[in-house]
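Visitor: next come a sequence and a model predicted from it.
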Amino acid sequence: MRSLVSIFFSGLVFALGLGVSGMTDANKVIGFLNLAGDWDPSLAFVMVGAIAVHMVLFKLVLRRDSPLFGDRFRIPRRRDIDQRLVVGAAIFGAGWGLGGFCPGPALVSSVWAAAEVLVFVGAMVIGMSSFHVLEVAFSDRRSSDVA
């Protein structure tokens with residue numbers, strides 16, 4: 001139960017930060033990407049602030065033997081860059097660039113039930129579900145080819 005409460009409050013702090021910084025407004029993101037027009041640097045300031053907080057807290061947290069509500073830290077160890085990562089990053093970037101939302105701010109903004117946000121979140125869920133279905137299908141096919 002403590003773990004769920006921790007997850008809830010982490011999400012709440014994240015949502016409040018997005019709301020206070022204005023990052024739930026798609027026009028802010030689109031303004032940041034509009035280098036040829038009326039460029040809005042506020043997204044860069046939010047990112048730099050988030051990176052600075054992360055850098056400090058990440059080092060402090062890792063001094064602990066284990067997380068507060070877990071048995072061990074689960075930190076990705078892979079450092080290679082493969083085709084799957086590059087294609088996924090390109091699709092992710094194109095999606096939030098065209099829609100004006102990153103997944104986190106889109107979920108926070110969906111509370112207001114604006115049509116464009118709901119369409120974005122719906123498309124995001126369909127895309128994630130489609131990826132999962134395809135990944136399972138291809139992994140099943142690969143394992144049957146090996147056997």
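Guide: Right, received. Where do you want to start?
Visitor: where in the protein is pLDDT low?
Guide: The model of the chain has pLDDT under 70 over residues 140-147.
Visitor: and the longest helix for it?
Guide: helix 115-146 (DSSP state H).
Visitor: okay, buried residues for it please.
Guide: 117, 120-121, 124 (16 or more other CB atoms under 10 Å). Using the backbone N, CA and C atoms, a C-beta is placed for each residue, glycine as well.
Visitor: show me what that helix is packed up against.
Guide: Secondary-structure packing of helix 115-146 (3 or more CB pairs under 8 Å, 6 or more residues apart in numbering; DSSP states H and E): helix 83-99, helix 103-109.
Visitor: repeat that with 10 Å
Guide: With contacts taken as 3 or more CB pairs under 10 Å, 6 or more residues apart in numbering; DSSP states H and E, helix 115-146 sits against helix 26-33, helix 83-99, helix 103-109.
Visitor: so how far is the first one off the chain centroid?
Guide: Averaged C-alpha coordinates place helix 26-33 at 17 Å from its chain's average position (CA atoms, centre = their mean, to the nearest Å).
Visitor: I would like the residues contacting that helix, please.
Guide: In this structure, residues lying in contact with helix 26-33 by CB atoms under 10 Å, 6 or more residues apart in numbering are 21-23, 25, 34, 37-47, 93, 96-102, 105-106, 109, 114, 116-117, 120.
Visitor: same check, this time on the shortest one
Guide: Helix 103-109 is contacted from outside by 11, 14-19, 21-26, 28-29, 92, 95-96, 99-102, 116-118, 120-121, 123-125, 128, using CB under 10 Å, 6+ apart.
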